[in-house]
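1. I would like to see how this sequence folds:
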Amino acid sequence: MFNVGDLFQWERFITPSIIRIFYWLVVALTALYGLSVLVTGLAMLMISPVTGLIMVVASLAGIVAGVIFARIAAEFVLIVFRINEHLGAIRNRGEMTAPADARGPRARAPG
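-> Below is the predicted model of the structure:
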């Protein structure tokens, strides 16, 4: 998974390994914030029922939206790294199958 030695070596990326930690951290913070607004909305029901109801609904919608947006952001980061891996595999496959004279920066024209 993740070794401390990977912080000092540039052989592989550590972001794909730790993105799940950041995702769950954002989910936890979103849930805590949403629950605090939910409690505030429930307390507000005693003072102003309409405002309290709006706060309760908004806090539940905010929790759902926060989790969805955190997932989208995490997947976007993972997609960028996966694209990098696939491009590297394509490059390596191309280097193995290309003729020796076409491997340079400019391929020679026939003739």
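
2. grab the most central residue of this structure for me.
-> Geometric centre of the chain, nearest residue: residue 74, 1.3 Å, by Cα atoms, centre = their mean.

3. how much space separates that one from residue 82?
-> 12 Å (Cβ to Cβ, to the nearest Å). Where C-beta positions appear, they are placed from N, C-alpha and C, glycine not excepted.

4. which stretch of helix or strand covers residue 65?
-> helix 49-97 (DSSP states H and E).

5. pLDDT of that helix, averaged?
-> Mean per-residue pLDDT for helix 49-97: 91.

6. tell me how far that helix lies from the chain's centre.
-> Centroid displacement of helix 49-97 relative to its chain, using Cα atoms, centre = their mean, to the nearest Å, is 5 Å.

7. for that helix, which helices and strands make contact with it?
-> In terms of contacts (3 or more Cβ pairs under 8 Å, 6 or more residues apart in numbering; DSSP states H and E), helix 49-97 is packed against helix 15-47.

8. buried set for the helix it packs on?
-> 16, 19, 23, 26-27, 30, 34, 37-38, 41, 44 (16 or more other Cβ atoms under 10 Å).

9. just stretch 65-78 next, same as before
-> Quick answer for stretch 65-78 (16+ other Cβ under 10 Å): 66-67, 70, 74.

10. any chance of those in CSV, with distance to residue 48 too?
-> Listed next are the buried residues of stretch 65-78 as CSV, based on distance: Cβ to Cβ, whole Å:
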residue, distance to residue 48
66, 25
67, 28
70, 31
74, 37
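
11. need the max-distance pair from these.
-> Using Cβ to Cβ, these reach their maximum pairwise distance at 66 and 74, which is 12.4 Å.

12. ok so, going back, where is pLDDT lowest across the buried residues of helix 15-47?
-> Among the buried residues of helix 15-47, residue 16 has the lowest pLDDT, at 78.
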